[in-house]
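J.: following is a predicted model, sequence given first.
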Amino acid sequence: MFWTAARLSAVLALTTAGVAKSQAAEGSGLGTADAPVQIRMIANEAFAKQWQTNMVPEFNKTYPHIKVTIDGVPYAELLPKSVLDLTGAVPTYDIIIADDPWIPQLAQTGALLDLKKDVANWTSPDYDWNDFNSAPLAAGEWKGAQYGVPLRSNLLLMFTNKALYEKAGLPAPTPKLTWAEYFQQAPKLVQDTNGDGKPDAWAIDTYFMRDSLTPTIWQTILNSNGGALLDKDNKPAFNNEAGVKALQTHIDLLKYAPPGGVSHGFNESLQAFRQGQVATMFMWGSVFKGTAVDAATTTLKPEQVGIQVMPVGSKGPGAHRGIWSGAISKKSANQQAAWALLQWLSSKEGEVWHANTLGVFPARKSTLAKAPENAWLVPVYAALQQGYDAAEAGQMWRPRHPKSDAVQQILADETSRAISGEISAAEALNNAARKIERLRL
């Protein structure tokens, strides 16, 4: 059954109105017409304006006396500013929106609320924590406490250009595609599509340049083969045969990438795929709408673009988790109002509204099991559920540690040297392992 945005809004209002009324009756901090509550949020500038413009007015239909200001900050500045605010005597922000690997570092400050315990009295009985897929929910957990809830979920997935596969005489990939099969097909996907005798379409584009997210490609390959980045004692577990094989697989993709692919990252690979120049792309699923639906940003059409988990290794398919979680400062003077917003946005009804209205990927099993309002989301939902299952089984995420950002930068430095041909895969991983050991995780 397809739901309209208006109907979803009505359902959401009915569901949360009772909670708001009961909380207000307790003399809680949800504000009144005469004395509204003001809360402030810090978030990635990539989506802060969209939330301020679209999400806040919808939230205010249910909570009219909570005034919300969202400050958008460039990604590179968001973590240090969040840590500084949480550790300050008088915080500016009630709500912190944190990227996937940041929760341990933010939680280490001791300044975050445990959302399963500290706000339990303000939580609706039908909120249903068990409805979240384990992988995205775990992004907000640290040492047994739930410091964040998933608000914008993402996964590293495989995009396919079905038209280029058909032109090459190959069947469209399925989630059962193995790495061996992928490399068997790759040479045929380097094609001359206009008949001038020169290749103008290639098999793959993805992260190859030095970027903090480039290591997620080889790490996902490693995880799909049963390998791990760190062991149970947080010691490097990747500088071995399995790690070298995974990194070499990443490097070998360059043989079938466009010229100059070694300098490609997010923007370059995305442009190449949207221009119909590559048959596959390993990329964050959240770009699907701009890649397959929005004519202003892509030359492709929805029926031409496939999305699925990355190829299957010896243990299973690949994916890599990327979750933005909402957390609340312990020093906030308006904790209940802050939780009202996070609870509303991450509730079953709120998540459905968020997904259908703004195209944001959901984290709840119930949302992914429903038919979305927008038809283009149907294959995306299937890929997300497959990806969440794969990520959970293979622990496909960046390091869970307060020094995770430092680990990621070391991996980015060393793997980029191997990808560029400066050193071998084995040398790169041994170098990275030595540097990570010095961090004393």
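T.: Thanks, I have it. Numbers count the residues shown, from 1 in each chain.
J.: can you pull out the helices in the stretch 151-300 of the chain?
T.: Under the criterion DSSP state H, counting those that start in this stretch, helices of the stretch 151-300 of the chain are mapped to 162-167, 179-185, 215-224, 241-252, 266-274, 288-292.
J.: most tightly packed of these?
T.: Mean neighbours per residue, mean count of other CB atoms under 10 Å, is largest over the helices of the stretch 151-300 of the chain for helix 215-224, with a mean of 28. C-beta: built from backbone N, CA, C; applies to glycine.
J.: show me what that helix is packed up against.
T.: The contact analysis (3 or more CB pairs under 8 Å, 6 or more residues apart in numbering; DSSP states H and E) places helix 215-224 against strand 155-161, helix 241-252, strand 320-321, helix 377-394, helix 404-419.
J.: which one of the ones you listed lies closest to W102?
T.: In terms of CB to CB, the element of the helices and strands packed on helix 215-224 nearest to W102 is helix 404-419, at 7.4 Å.
J.: now do the buried residues in that closest one.
T.: Residues 404-408, 410-419 are the ones in helix 404-419 that count as buried (16 or more other CB atoms under 10 Å).
J.: can you check stretch 327-347 too?
T.: Under the neighbour-count criterion of 16+ other CB under 10 Å, stretch 327-347 has 327-329, 331-332, 334-347 buried.
J.: check stretch 185-204 too.
T.: Within stretch 185-204, judged by 16+ other CB under 10 Å, the buried ones are Q185, A186, L189, V190, Q191, A201, W202, A203, I204.
J.: using CSV, lay out the helices and strands packed on helix 215-224 together with mean pLDDT.
T.: Listed next are the helices and strands packed on helix 215-224 as CSV, based on pLDDT from 0 to 100:
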stretch, mean pLDDT
strand 155-161, 98
helix 241-252, 98
strand 320-321, 97
helix 377-394, 96
helix 404-419, 96
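J.: which ones are touching W142?
T.: Contacts of W142 were listed using CB atoms under 8 Å, 6 or more residues apart in numbering, and they are I103, P104, A107, R400.
J.: the same query, at a cut-off of 10 Å, please.
T.: Contact analysis of W142 by CB atoms under 10 Å, 6 or more residues apart in numbering lists I103, P104, Q105, L106, A107, Q108, L112, D114, G148, R400, H401, P402.
J.: V37 too?
T.: By CB under 10 Å, 6+ apart, V37 lies in contact with 28-31, 63, 65-68, 94, 333-334, 336-338, 340.
J.: equivalent analysis for E392, please.
T.: When contacts are counted by CB under 10 Å, 6+ apart, E392 touches N133, S134, A135, P136, L137, A138, A319, R321.
J.: wait, which of those is closest to T291?
T.: Using CB to CB, the shortest approach to T291 within the contacts of E392 belongs to A319, at 17.4 Å.
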